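K.L.:
Fold the following.
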Amino acid sequence: MVRLAVAEGERADFPSWARELAIHAPDLEVVWWEDALRAPRDVDYLLVWQPEHGLAARFANLRAILCVGAGVDHLLADPHWPHDVPLVRMGGRETAALMEEYVTWACLSLLRGTRTWAWQQERRVFHRRLVTRTAATTTVGIMGMGHLGAQVAQRLRDFGFQVRGWSRRRRDLANIRSFAGQAELADFLAGVDILVSLLPNTAQTRNLIDADLLSQLPPGAALVNAGRGEQVCEDGLLAALGRGHLSGAVLDVFREEPLPPDSALWGHPAITITPHAASEASRAEQSAYLAQVIHEIEHGGTPALLYHAERGY
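P.N.:
Numbers count the residues shown, from 1 in each chain. The predicted structure is shown next:
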């Protein structure tokens with residue numbers, strides 16, 4: 001029997017994993033990681049989110065490590081990480097749908113200036129600030145056109161936004177203009193009203209969204225970051241907002257999480273903060289996806305969201 005050790009959350013969370021995985025993969029033996037350490041060589045798969053350093057390396061015969069998040073850079077920071085073991089990121093239709101809806105909400109919030117409405121409500125100010133611009137005359141530019149980015153782009157397109165994408169390689173998606181590589185970044189930015197980052201965290205993307213990049217956006221543009229916190233230089237963002245070059249931002253991820261109480265981001269009147277909550281699927285949907293990945297690997301397949309070291313994601 002194939003054995004999966006769960007090293008995600010607390011032990012109290014384990015029964016829900018075991019229950020859902022039993023539905024979607026009834027032939028899979030599911031054990032809590034501490035119990036699995038009695039016979040670590042018998043474990044075939046390891047499910048993780050933020051395991052202690054060295055834990056994954058204690059299981060010597062793993063066929064794959066499965067992460068419950070889309071980002072895996074925090075795992076690779078483990079000095080004892082078993083880099084020879086395939087690492088698979090979280091996916092599934094519900095994960096994508098949640099991100100699609102989050103980014104659509106964020107873009108509409110920026111388009112209609114709902115941060116101002118919230119500020120006015122808190123202060124009981126009834127001031128009509130009308131916005132007549134529509135999605136059809138607003139261009140959203142997505143940085144990172146991978147698994148999630150491509151689906152978000154299509155959802156925004158179908159909603160009515162003008163959409164363009166920027167990535168390492170050109171993408172062919174109907175009615176979505178594609179830009180690729182550093183050579184086309186400036187042209188991409190010059191036509192963007194709302195910039196959305198869904199980039200993975202790599203050496204090339206850390207600190208990418210700095211004062212210089214933001215200055216290449218048209219005056220009055222806005223930012224949505226649902227990628228990784230290390231991509232945005234917060235001082236550069238605050239400066240761009242302060243001089244009026246940017247009109248607003250919606251931020252879901254940060255360099256330090258939880259966001260420190262003394263962060264200047266909290267009280268900025270043009271910034272909406274969400275607590276890294278853009279897209280996390282239900283336990284049932286995650287379990288269905290994990291069962292599919294394990295089945296694929298067991299039958300000689302390669303999961304679509306397999307981590308590639310040479311790409312950094």
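
K.L.:
what about R129, distance to V140?
P.N.:
22 Å (Cβ to Cβ, to the nearest Å). No exception for glycine: its C-beta is placed from N, CA and C like everyone else's.

K.L.:
between these two, who's got more neighbours?
P.N.:
More crowded of R129 and V140, by other Cβ atoms under 10 Å: V140, with 29 against 9.

K.L.:
so what does the helix or strand that one falls within touch, helix or strand wise?
P.N.:
Using DSSP states H and E, V140 sits in strand 139-143. In terms of contacts (3 or more Cβ pairs under 8 Å, 6 or more residues apart in numbering; DSSP states H and E), strand 139-143 is packed against helix 147-159, strand 162-167, strand 194-197.

K.L.:
what are the C-alpha coordinates of it, in PDB please?
P.N.:
In PDB, the C-alpha atoms belonging to strand 139-143 read as follows (Å, rounded to 0.1, in the frame of the first residue of the first chain):
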ATOM      1  CA  THR A 139      -6.300  47.400 -19.200                       C
ATOM      2  CA  VAL A 140      -5.100  44.900 -16.600                       C
ATOM      3  CA  GLY A 141      -1.500  43.700 -17.000                       C
ATOM      4  CA  ILE A 142      -0.600  40.400 -15.400                       C
ATOM      5  CA  MET A 143       3.000  39.600 -14.500                       C
END
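
K.L.:
who does it pair up with?
P.N.:
strand 162-167 (parallel), strand 194-197 (parallel) (DSSP bridges).

K.L.:
Show which residue of this protein lies farthest from the average position.
P.N.:
Taking Cα atoms, centre = their mean, the residue of the chain most remote from its mean C-alpha position is F126, at 36.1 Å.

K.L.:
Please give me every residue in contact with it.
P.N.:
Contact analysis of F126 by Cβ atoms under 8 Å, 6 or more residues apart in numbering lists Q120.
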